[in-house]
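Undergrad: here is a sequence with its predicted model. Questions after.
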Amino acid sequence: MEWGKVLCAERVRSHQHVDPRELRSEFARDYHRIINSASFRRLQDKTQVFPLDSSDFVRTRLTHSLEVSSIARSLGQNVGEAITCDIKDPDFLPEYKAYICDILQCAGLIHDIGNPPFGHFGETTIREWFLKNLPHLSLCGSPLEEVLSEEMKNDFYHFEGNAQAFRLVTRLHFLVDSNGMNLTKGLLGTIIKYPVSSLEIEENGDDIRSHKMGYFRADRETFRDVQTATGTNGARHPLSFLLEAADDIAYITADIEDAYKKRYLSYEDLTRDLKIYKDAGGLSPEEVERFGELIEVLGEKYRKAGDRGLQDPGEYAVQNWIVTLQRRAINAVTDAFMNNYEAIMAGQMKRTLVSCSTMNPMLEALYGIETKYVFKSRPIFRHEIAEEVIMDFLLDKFVDAAVPYDTELPMNAVQKRIIGIISENYMQIYHKYSEGRSEAEKLYLRLILVTDYICGMTDTFAKSLYQELSGTD
């Protein structure tokens, strides 16, 4: 891959007038489009870990995305400098240093923009609903599973927020036309973490690029256009590795901080479990030493807080330790990118940058700790049960109405009203792309219409709509 191509500044709709006084790069202009979009604003009411939380401290998808954006930009600065000064790649022009920072900053803002309500559990609920219900639905006496192609079915069975993000920014943000936000192809390539269709998924394969689907069948032409323009051609965009690392660093460290603030996790729990992980074996002597030094840093911060007479020294220690971890992780990921530079640019890198960085043992330990104390806790389980009820109800109602819609089949009064609730923007997209299509393709697009609408909901709106339609206000 060549930097001149992967940093493609073209847009799908490229015949725009650009003011000659415009000083921003095309990638900097992307930032303005994202910040001013309704889809980005909705992230303030979407779950990161703790759903429908009243605390101002706990992160939402919006604050998480801002943190990922910041870390990604820092990684871009580090990598750009290293390529220029250490690698001395002649293909990497001086202006590219600013370009990759702008792209990564924007990519961080939109990497979760397609996620449904209630975080990653919402994605799981959508997948499970289709796996459970699609085999029992029919159209004109024909089972839907027989009407839809394998790829169409698998798009729902493997539903993925990453693919929905690509769809939203390229199609659903209907402001001018059906090109979505009309972002640069270099940015679009960066947010495609998994450049495979739902038929090419290898969840346990050696190559990270095929662990999940990266685009829906409905968006494959746009996907191919981006791949061709950036020269990635089936490989991951080089900046995708940095975006993924920024996401990993942000959520793993921040979830520990939020868990402490919510009292799911204590300072004593954290230090005890870190020491258990360090002493469990499996780490090299160098890793054990590095791990132990980080535990000692946490202890020093706790002692410092105690010396200052702070009421909650654990909170001070954890919050400040997280800042240290993030800084070290950014440097470690930078080193990992440079150590694997040739493989990344050749499209042969199969692992995440975090997994081959010196900070991987610590980040793995923290992920295990937050899984133990947060994701497997009773309060989270109770929230997820309620969220499943909401999502299942909405999918039941909207899919029931979407199946007969735009066919010769009769629709009852409730089905007509349900369809009438869906946003006009989404309806326009459906009618534009369903015109002249086969019945199977139309059915597929109607099901996509439902997931588009539900994924566009905030947590609060989904809950309110459920209460309104179910009569449980």
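TA: Sure, I can see it. Just so you know, these numbers come straight off a predicted model, no measurement behind them.
Undergrad: what lies in contact with stretch 292-311?
TA: Identification of contacts with stretch 292-311 by CB atoms under 8 Å, 6 or more residues apart in numbering yields 267, 270-271, 274-275, 278, 312-314, 316-318, 320-321, 324-325, 328, 362. The C-beta positions use only the backbone N, C-alpha and C, and glycine is treated the same way.
Undergrad: buried members of the residues you listed into ChimeraX, please.
TA: Of those, the buried ones go into a single ChimeraX selection, burial set by 16 or more other CB atoms under 10 Å:
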select :267,270,271,274,278,313,314,316,317,318,320,321,325,328,362
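Undergrad: now stretch 72-90, how far from the centre of its chain.
TA: From the chain centre to the centre of stretch 72-90 is a distance of 24 Å (CA atoms, centre = their mean, to the nearest Å).
Undergrad: alpha carbons only: can I get that stretch in CSV?
TA: Taking C-alpha atoms only, stretch 72-90 is exported to CSV below (Å, rounded to 0.1, in the frame of the first residue of the first chain):
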residue,chain,number,x,y,z
ALA,A,72,-6.0,8.3,18.1
ARG,A,73,-4.7,11.7,17.2
SER,A,74,-1.9,11.3,19.7
LEU,A,75,-1.0,8.0,18.1
GLY,A,76,-1.1,9.7,14.7
GLN,A,77,1.3,12.4,15.9
ASN,A,78,3.7,9.8,17.2
VAL,A,79,3.6,7.5,14.2
GLY,A,80,3.9,10.4,11.7
GLU,A,81,7.0,11.7,13.4
ALA,A,82,8.5,8.2,13.6
ILE,A,83,7.9,7.4,9.9
THR,A,84,9.5,10.8,9.0
CYS,A,85,12.5,10.6,11.3
ASP,A,86,13.1,6.9,11.9
ILE,A,87,11.7,5.0,9.0
LYS,A,88,12.4,7.8,6.5
ASP,A,89,9.8,6.4,4.1
PRO,A,90,10.2,8.5,0.9
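Undergrad: for it, which positions count as buried?
TA: Neighbour counts over stretch 72-90 (16+ other CB under 10 Å) mark 72, 73, 74, 75, 76, 77, 78, 79, 80, 83 as buried.
Undergrad: again with stretch 92-99
TA: In stretch 92-99, counting by 16+ other CB under 10 Å, buried: 92, 96, 97, 99.
Undergrad: average model confidence for whichever strand or helix holds residue 321?
TA: Residue 321 is part of helix 313-339, with elements assigned from DSSP states H and E. Here helix 313-339 scores 95 as its mean pLDDT.
Undergrad: following element in sequence after that helix, please.
TA: Moving toward the C-terminus from helix 313-339, the next helix or strand (DSSP H and E) is helix 341-345.
Undergrad: what is that following helix packed up against?
TA: helix 238-261 (3 or more CB pairs under 8 Å, 6 or more residues apart in numbering; DSSP states H and E).
Undergrad: still on that earlier bit, the helix holding residue 321 vs helix 238-261, what angle?
TA: Calculated by axes from the mean of the first three to the mean of the last three CA atoms, to 10 degrees, helix 313-339 forms an angle of 170 degrees with helix 238-261.
Undergrad: give the buried residues for stretch 383-393.
TA: Those would be 383, 384, 387, 388, 390, 391, 392, 393, for stretch 383-393 by 16+ other CB under 10 Å.
Undergrad: which residues touch that stretch?
TA: Contacts of stretch 383-393 (CB under 8 Å, 6+ apart): 50-52, 116-118, 121-122, 125-126, 129, 454, 462-463, 466, 469-470.
Undergrad: can I get the buried part of those as one ChimeraX selection?
TA: The following ChimeraX line selects those of the contacts of stretch 383-393 that are buried, judged by 16+ other CB under 10 Å:
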select :50,51,116,117,118,121,122,125,126,129,454,462,463,466,469
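Undergrad: just the contacts of stretch 383-393: which are in helices?
TA: Among those, the members found in helices (DSSP state H) are 121, 122, 125, 126, 129, 454, 462, 463, 466, 469, 470.
Undergrad: which of those residues sit farthest apart?
TA: 121 and 469 (20.8 Å; CB to CB).
Undergrad: for residue 411, which three-state class applies?
TA: What DSSP: H, G, I helix; E, B strand; the rest coil gives for residue 411 is coil.
Undergrad: go ahead and confirm residue 217 touches residue 152.
TA: Yes: in this structure residue 217 lies within contact range of residue 152 using CB atoms under 8 Å: 6.0 Å.
Undergrad: shared neighbours, these two?
TA: With CB under 8 Å, 6+ apart as the test, residue 217 and residue 152 both reach residue 444.
Undergrad: thinking again about what came up before, can I get the buried residues of stretch 72-90 in CSV including secondary structure and pLDDT?
TA: Formatted as CSV, these follow (DSSP: H, G, I helix; E, B strand; the rest coil; pLDDT from 0 to 100):
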residue, secondary structure, pLDDT
72, helix, 97
73, helix, 97
74, helix, 97
75, helix, 97
76, helix, 97
77, helix, 96
78, helix, 96
79, helix, 97
80, helix, 96
83, helix, 95
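Undergrad: tell me the contacts of the closest residue to residue 144 other than its chain neighbours?
TA: Closest residue in space to residue 144, ignoring its immediate chain neighbours: residue 137 at 4.5 Å, by CB to CB, 6 or more residues apart in numbering. For residue 137, the contacting residues are 143, 144, 399, 403, by CB under 8 Å, 6+ apart.
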